[in-house]
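Can you look at this prediction? I've put the sequence above it.
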Amino acid sequence: MIIEDERDLSAPIVEPIEVTTPAVGMTSNENSNFQDFLLLRYKKIRDVDAHFELRNALIEHLWEEYTNSED
């Protein structure tokens, strides 16, 4: 067969590596944990200081990009 003809007989045999399963803790109140996660995430998204810092950085970038162009 073609497959037998193309096989490299001198190639090393690779043994599969066993991976240990990570320990996962179960929680009794998943709803509370999820709500806490969402609340923290919402606060990060709605950070006023970060908003103004990013806005000012964008304005500065656009100002440098379009005022220094030769076009």
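That came in fine, so what should we check first?

Now do the buried residues in the helix or strand hosting Asn31.
Using DSSP states H and E, the secondary-structure element containing Asn31 is helix 30-45. Of all the residues in helix 30-45, not one is buried under the rule 16 or more other CB atoms under 10 Å. Yep, even glycine has a C-beta here, placed from its N, CA and C like the rest.

chain center to that helix, what's the gap?
Centre-to-centre, helix 30-45 and its host chain are 18 Å apart (CA atoms, centre = their mean, to the nearest Å).

send the alpha carbons of it over as PDB?
Extracted in PDB, the C-alpha atoms of helix 30-45 (Å, rounded to 0.1, in the frame of the first residue of the first chain):
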ATOM      1  CA  GLU A  30     -23.900  29.700  42.000                       C
ATOM      2  CA  ASN A  31     -26.300  32.600  41.500                       C
ATOM      3  CA  SER A  32     -24.700  34.700  44.100                       C
ATOM      4  CA  ASN A  33     -21.200  34.100  42.800                       C
ATOM      5  CA  PHE A  34     -22.300  35.000  39.200                       C
ATOM      6  CA  GLN A  35     -24.000  38.200  40.400                       C
ATOM      7  CA  ASP A  36     -20.900  39.200  42.200                       C
ATOM      8  CA  PHE A  37     -18.800  38.500  39.100                       C
ATOM      9  CA  LEU A  38     -21.200  40.600  37.000                       C
ATOM     10  CA  LEU A  39     -21.200  43.500  39.500                       C
ATOM     11  CA  LEU A  40     -17.400  43.600  39.600                       C
ATOM     12  CA  ARG A  41     -17.300  43.400  35.800                       C
ATOM     13  CA  TYR A  42     -19.900  46.200  35.400                       C
ATOM     14  CA  LYS A  43     -17.900  48.400  37.800                       C
ATOM     15  CA  LYS A  44     -14.700  47.900  35.700                       C
ATOM     16  CA  ILE A  45     -16.600  48.700  32.500                       C
END
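
Good, we can wrap up now.
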